[in-house]
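Enquirer: Pasting a predicted model and its sequence here:
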Amino acid sequence: NRIGNEGARAIGSNTTWKNLKELYLNENKIGDEGAVSIGSNTSWTNLEKLYLWMNNIGDRGAVAIGKNTTWRNLKVLYLFANKIGDEGAVSIGENKSWINLEVLCLQQNEIGDKGAIAIGKNTTWRNLKVLYLHANKIGNEGAISIGENTTWTNLEKLCLYENEIGDKGAIAIGCNTTWRNLKELYLNQNRIGDEGGELIGSNTAWINLEKIYLYENEIGDKSAIAIGKNTTWTNLMELFLNQNRIGDEGAVSIGSNKSWINLEKLYLWKNNIGDKGAIAIGSNTTWIKLRELDLSANLIGDEGVVS
């Protein structure tokens with residue numbers, strides 16, 4: 001639609017919809033004025049889902065939403081693809097009323113470390129299952145705060161790809177022992193090297209992990225060795241390590257893994273893998289469910305191909 005601030009103000013001023021559970025206002029032209037009105041509403045005590053993605057909401061609107069104390073039944077909040085920066089993200093992260101929040105989507109905004117730190121320090125969202133923060137400006141400090149969170153015991157999906165996270169942030173995430181229900185972790189397209197990748201690969205708490213995306217980082221053999229030696233991820237289905245710096249040593253470790261009995265997709269293209277690594281991967285007899293294997297753009301010769 002083409003709803004702007006005037007329409008959003010009228011909606012936000014409504015005091016009649018006391019049983020409203022779901023409000024869809026995504027893909028409109030709502031700016032801060034309209035978002036402030038919506039965020040200031042104190043009548044929607046039963047609101048469970050609020051969709052405001054792809055609008056023109058900035059910090060002022062996000063601050064008003066974050067300060068709302070009425071939506072105690074809120075479960076799903078979509079604010080992605082707006083213009084929210086640290087100020088708005090801090091307000092959202094400091095909210096203590098959304099005790100039932102399960103899904104928070106803040107990707108494709110302008111959130112940096114300050115906003116991510118506030119979100120990571122939140123101790124109210126005990127039911128949080130999905131957190132989308134990808135395509136922002138989050139660096140190590142923000143990632144450390146998120147990794148140090150011990151409240152999100154029900155977290156299942158964490159998206160932090162396309163940020164500015166390096167080894168320090170990855171170490172904090174890899175050291176997290178709270179997210180025992182984590183199923184999907186997306187850290188691709190960051191600045192993670194071996195120091196961070198090694199800690200992620202050594203994590204023994206993520207017993208339900210099914211998908212881990214680490215492609216387009218700076219991961220080398222040390223990380224790949226740690227990942228290959230991991231025996232905790234028995235539910236792993238997808239491992240994306242393409243466009244890194246993995247050589248034969250790392251590939252041999254991955255190929256020697258006997259725990260990933262559910263592995264379906266393994267992407268290792270555009271690394272530095274030669275025949276030794278390819279032979280080890282080709283000799284693996286555990287991955288009976290493997291459907292997709294991509295080793296293109298490496299250094300593999302005839303010997304590796306034959307394997």
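Expert: Great, that's in hand.
Enquirer: my guess is Asn136 contacts Asn109, does it?
Expert: Yes: assessed by Cβ atoms under 8 Å, Asn136 is found in contact with Asn109 at 5.7 Å. Where you see a C-beta, it was placed from the backbone N, CA and C, and this is true even at glycine.
Enquirer: pLDDT wise, what is Ser151 at?
Expert: Just so we're on the same page, residue 151 is Thr rather than Ser. pLDDT for Thr151: 98.
Enquirer: can you pull the contacts of it?
Expert: Asn122, Thr123, Thr124, Trp125, Arg126, Leu128, Thr178 (Cβ atoms under 8 Å, 6 or more residues apart in numbering).
Enquirer: all helices for this structure, in order.
Expert: Ranges of helices within the chain are 5-12, 32-39, 59-66, 86-93, 113-120, 140-147, 167-174, 194-201, 221-228, 248-255, 275-282, 302-306, based on DSSP state H.
Enquirer: Give me the residues contacting the second one.
Expert: Counting contacts by Cβ under 8 Å, 6+ apart, the residues outside helix 32-39 that touch it are 3-9, 11-13, 25, 30, 50, 52, 55-68.
Enquirer: Where among the helices of the chain is average confidence lowest?
Expert: helix 302-306 has the lowest average pLDDT among the helices of the chain, namely a mean of 76.
Enquirer: Packing partners of that helix?
Expert: Packing partners of helix 302-306 (3 or more Cβ pairs under 8 Å, 6 or more residues apart in numbering; DSSP states H and E): helix 275-282.
Enquirer: Give me the residues contacting the helix it packs on.
Expert: 246-256, 266, 268, 293, 295, 298, 300-301, 303-305, 307.
Enquirer: Kindly report the same for stretch 291-303.
Expert: 242, 264-275, 277-279, 281.
Enquirer: Surely Trp53 and Tyr78 touch.
Expert: Yes: applying Cβ under 8 Å as the test, Trp53 and Tyr78 come out as touching, 4.5 Å apart.
Enquirer: Need the residues touching each of these two.
Expert: By Cβ under 8 Å, 6+ apart, the residues touching both Trp53 and Tyr78 are Asn26, Cys105.
Enquirer: And for Gly93, nearest residue in space, chain neighbours not counted?
Expert: Spatial nearest neighbour of Gly93, chain neighbours left out: Ala118 (3.1 Å); criterion: Cβ to Cβ, 6 or more residues apart in numbering.
Enquirer: next one: Ser253
Expert: Using Cβ to Cβ, 6+ apart and skipping residues adjacent in sequence, the residue nearest Ser253 is Gly228, 3.1 Å away.
Enquirer: need the contact list for that neighbour.
Expert: Neighbour list for Gly228: Gly201, Gly250, Val252, Ser253, Ile254, Gly255, Ser256, Asn257 [criterion: Cβ under 8 Å, 6+ apart].
Enquirer: and it, how far is that from Leu263?
Expert: 12 Å (Cβ to Cβ, to the nearest Å).
Enquirer: Equivalent analysis for His134, please.
Expert: Distance of His134 to Leu263, computed by Cβ to Cβ: 24 Å.
Enquirer: Lys121 is in contact with Gly93, isn't it?
Expert: Yes: if you go by Cβ under 8 Å, Lys121 and Gly93 touch, sitting 6.7 Å apart.
Enquirer: Looking at the two, which is more packed in?
Expert: A direct count of neighbours by other Cβ atoms under 10 Å for Lys121 and Gly93 places Gly93 higher, at 24 against 15.
Enquirer: Do I have it right that that one meets Ile119?
Expert: Yes: in this structure, Gly93 is within contact of Ile119 by Cβ under 8 Å, at 3.9 Å.
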